[in-house]
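Participant: What would the 3D arrangement of this be:
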Amino acid sequence: MHWIDPAFLPETKGTLDRFLINSHGDADGLLLEDGEEIHFPPHMAKAVVAALKPGDRVEVRGVRPRGVDMVAAISIQAGGGAPIIDQGPPNEERDAKKHDHEKAEHEAKPEPAKSADTEGVIRRVLHGPRGEKRGALLDNGAIVRLPPHVAAALGAKLSPEHKLAARGPSLTNDLGTVIDAREIGVSLSTLHALEPKKGEERRQHDDKSRTH
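Facilitator: Numbers count the residues shown, from 1 in each chain. As a prediction, this is how the structure comes out:
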């Protein structure tokens, strides 16, 4: 959304409660103390995390998807600091690939995500940039990420005060714990595998048939 001038967008003010993270453990949102959810793209994560910490006052300018209690941020400002503006994803692909290659040579590879499970009561439903449901923040502090088609299929069951349990690859870092759900239920004893996206099951069947 780098083409939008944030100065002409509505402003949301509040105090940062915590960062929200995606299934890779990267920050992609903020939760304010009043419950407001702020979403921002991953390419803003480094600057936003460096500028903010829980308890800081924050000013956000962005767009609100229709019928959803969240803001897709175009500009995020901490206190009197300079605003962090969404300039769009980096387009220097060649430089990015070179940087990643050099980084891989000098840094140890991160540990692969390990499977874990969690259960609790939904504190906040989490969304993508267009307002689509993408998971939940539980009352135990864990974030559960779900594919959009699974989140949509859950309907009212994916709402605050409802119980949710999940199992899948999990990551924990300074920003929190996230589980990329492969199984869900209302408790650990009722876990079941996620339903495949429409058409995906057929493709998997066709792929298996071609290998036999």
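
Participant: Buried residues in the one helix or strand Leu171 maps to, which are they?
Facilitator: Using DSSP states H and E, Leu171 sits within strand 163-173. Neighbour-count burial for strand 163-173, counted by 16 or more other CB atoms under 10 Å, picks out Leu164, Ala165, Ala166, Arg167, Gly168, Pro169, Ser170, Leu171. The way it works is simple: take the backbone N, C-alpha and C, and place the C-beta from them, glycine included.

Participant: Which stretches in this structure count as helices?
Facilitator: Along the chain, the stretches classed as helices by DSSP state H are 45-51, 93-106, 148-154, 200-210.

Participant: Mind giving me the packing neighbours of the first one?
Facilitator: Packing contacts for helix 45-51, counted by 3 or more CB pairs under 8 Å, 6 or more residues apart in numbering; DSSP states H and E, involve strand 27-32, strand 70-78, strand 84-85.

Participant: returning to that earlier point: I'd like to know which elements the strand holding Leu171 is packed against.
Facilitator: Contacts defined by 3+ CB pairs under 8 Å, 6+ apart place strand 163-173 against strand 114-127, strand 176-180, strand 183-185.

Participant: Next up, the contacts around Leu126.
Facilitator: Going by CB atoms under 8 Å, 6 or more residues apart in numbering, Leu126 touches Leu20, Gly29, Glu37, Lys133, Arg134, Gly135, Ala136, Leu137, Ile143, Arg145.

Participant: one more time with 10 Å, if that's ok
Facilitator: 20-22, 28-29, 31, 37, 39, 70, 133-137, 143-146, 151, 158 (CB atoms under 10 Å, 6 or more residues apart in numbering).

Participant: returning to what we had before: Throw the helices and strands packed on helix 45-51 into TSV and include mean neighbour count, thanks.
Facilitator: Listed next are these as TSV, based on neighbours: other CB atoms under 10 Å:
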stretch	mean neighbour count
strand 27-32	22
strand 70-78	23
strand 84-85	20
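
Participant: closest to Asp117 out of those?
Facilitator: Of all those, it is strand 27-32 that lies closest to Asp117, at 22.6 Å by CB to CB.
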